[in-house]
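Chemist: show me how the following folds:
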Amino acid sequence: MNQITLRIVLSDGTILDVTTSAGDIVKWEEHFDLGVDKLEKVTHLLYLAWLSVKRLQKTSDSFESWIELVGNVEVSDPKA
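Modeler: Okay, the predicted model is just below:
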């Protein structure tokens, strides 16, 4: 399993770079009943980002509340 690095830009301009853990991916797969290779919707990416941010204790907000604070989320290019 490869870790996924995400860049999250909050509406206030704060940038969070997070790397998923195995636990984040397992929780994502259980929630969507898909393999992480099927990550294709914005909701999928936001949920994975939220799981990582929550694990890192950078939010205590519910997913529904947290996404209202997000301006953008994308997979970071590990070669950049």
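Chemist: most centrally placed residue in the chain?
Modeler: Geometric centre of the chain, nearest residue: residue 49, 1.0 Å, by CA atoms, centre = their mean.
Chemist: residues in contact with that residue?
Modeler: Residue 49 is in contact with 6, 8, 18, 70, 73, counting by CB atoms under 8 Å, 6 or more residues apart in numbering. The way it works is simple: take the backbone N, C-alpha and C, and place the C-beta from them, glycine included.
Chemist: how about these in CSV, adding pLDDT?
Modeler: Compiled in CSV, the contacts of residue 49 are given as follows (pLDDT from 0 to 100):
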residue, pLDDT
6, 96
8, 97
18, 96
70, 98
73, 96
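Chemist: which pair of those spans the longest distance?
Modeler: Comparing all pairs in these by CB to CB, the longest separation belongs to 18 and 70, at 12.4 Å.
Chemist: so for the two, which residue has more residues nearby?
Modeler: residue 18 (23 against 16; other CB atoms under 10 Å).
Chemist: ok, that one - contacts?
Modeler: Residue 18 touches 5-6, 8, 49, 52-53, 56, 58, counting by CB under 8 Å, 6+ apart.
Chemist: that one belongs to a strand?
Modeler: Yes. Assigned with DSSP: H, G, I helix; E, B strand; the rest coil, residue 18 falls within a strand.
Chemist: I'd like the next helix or strand past whichever helix in the chain runs longest.
Modeler: Using DSSP state H, we find that the single longest helix of the chain is helix 42-55. Scanning forward in sequence from helix 42-55 by DSSP states H and E, the next helix or strand is helix 63-66.
Chemist: then that next one to PDB, C-alphas only?
Modeler: Extracted C-alpha coordinates of helix 63-66, given in PDB (Å, rounded to 0.1, in the frame of the first residue of the first chain):
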ATOM      1  CA  PHE A  63     -16.900  15.700   8.100                       C
ATOM      2  CA  GLU A  64     -19.900  17.700   7.100                       C
ATOM      3  CA  SER A  65     -18.700  20.800   9.100                       C
ATOM      4  CA  TRP A  66     -15.100  20.400   8.100                       C
END
